[in-house]
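# quick one: sequence and predicted model below, then my questions.
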Amino acid sequence: MNESTGNNGQMVAEGDLGARELADLRIELDKIDNRLLEDVRDRIEVCTRVAYLKERYGIPVMQPGRVGTVHDHAHRFALEHGLSPQFLHDLYDLMIAETCRVEDLIVATEELRTNGAPVQHTGTDRVLVRRTAADGACDIDAD
């Protein structure tokens, strides 16, 4: 078995060193994941404020030009940093879809509050919505 000297001068098996390095890298990944999750939460929170602004001023929820701008930025970023443009495209499609869901819920809730219009809910926080970020289509289901 190969051995090395650890930080405290004691002999440590290489497998133990590998396990320690792996544990350190996992701690680093956990910190990055926490920042990523916080950033996603913050992004959705800002999009919530955007939805309220759109509702207040009668601005359409879906802005296809904005979706294209976001995708173009992610594509350039991927190319500049050696990442997969398709991966970032797919990631942004997921985030945009969630943003659309949240915006539609806000608009539907505000419409209900303002006009008393019926809104179909699937649970406490969902309005049935089918929309794709690519085409900007939106259908609220009555099922």
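Thanks, I have the structure now.

# top helix in the chain by residue count?
Secondary structure of the chain per DSSP state H: the longest helix is helix 14-57.

# doesn't L83 fall inside a helix?
No: under the criterion used here (DSSP: H, G, I helix; E, B strand; the rest coil), L83 is coil, not part of a helix.

# wait, what's in contact with it?
When contacts are counted by Cβ atoms under 8 Å, 6 or more residues apart in numbering, L83 is found next to F77. For every residue, glycine as well, the C-beta is placed using N, CA and C.

# can you tell me the centre-most residue of the protein?
Taking Cα atoms, centre = their mean, the centroid of the chain lies closest to M95, which sits 3.9 Å from it.

# now it: phi and psi?
Main-chain dihedrals, M95, degrees, to the nearest 10: phi -70, psi -40.

# gap between L37 and A51?
For L37, the distance to A51 equals 21 Å [Cβ to Cβ, to the nearest Å].

# quick one: which of the two has more around it?
A51 (22 against 10; other Cβ atoms under 10 Å).

# what's the longest helix of the chain packed up against?
Here helix 14-57 touches strand 3-5, helix 85-115, going by 3 or more Cβ pairs under 8 Å, 6 or more residues apart in numbering; DSSP states H and E.

# that one versus helix 85-115: what angle between them?
Angle of helix 14-57 versus helix 85-115, following axes from the mean of the first three to the mean of the last three Cα atoms, to 10 degrees, is 40 degrees.

# quick one: distance of helix 14-57 to the chain centre.
Mean-position distance between helix 14-57 and its chain equals 10 Å (Cα atoms, centre = their mean, to the nearest Å).

# do stretch 69-83 as well
That offset, for stretch 69-83, works out to 16 Å (Cα atoms, centre = their mean).
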